[in-house]
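Novice: Quick one, fold the following:
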Amino acid sequence: MNISNIELRHIVDVDGQLLGIDAEVVDTATLLARANRPATSQLWIVRAGARTPVEPRQAIRLSTDDVLFFETSARAHRWAQQLLAA
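Specialist: Residues are numbered from 1 along each chain as shown. Below is the predicted model:
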């Protein structure tokens, strides 16, 4: 099987799982499905330590230069509990 023609231009991290995506634009449902997360999960984009909620079915433009980091609601909830415990 020759896979040398496969070109994944974008790297996305969802809950610590790296995903290679070729499309320029992806929606939240696709990201959740690719990461094997429940479709009902709230998705958050993480930039410079700040978490911003992403709307359901929102289109997200991917960058070829940057890795985008996302967390689901379950992971963000664990992060908040760790902050409170500290």
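
Novice: To what extent is the nearest residue to residue 41 once chain neighbours are set aside buried, counted in neighbours?
Specialist: Nearest non-adjacent residue to residue 41, counting by CB to CB, 6 or more residues apart in numbering: residue 72, 4.1 Å away. C-beta here means a position set from N, CA and C on the backbone, and glycine is covered the same way. Applying other CB atoms under 10 Å, we find 19 residues neighbouring residue 72.

Novice: How about residue 72: which residues does it bridge to?
Specialist: residue 43 (DSSP bridges).

Novice: who's in contact with it?
Specialist: Residue 72 makes contacts with 14-15, 32, 35, 37, 41-44, as judged by CB atoms under 8 Å, 6 or more residues apart in numbering.

Novice: Please report which of the residues you listed has the highest neighbour count.
Specialist: Busiest of the contacts of residue 72 [other CB under 10 Å] is residue 43, holding 25 neighbours.

Novice: Is residue 63 part of a helix or strand, or is it coil?
Specialist: coil (DSSP: H, G, I helix; E, B strand; the rest coil).

Novice: ok, for it, nearest residue in space, not its chain neighbours?
Specialist: Per CB to CB, 6+ apart, closest to residue 63 is residue 10, 7.0 Å.
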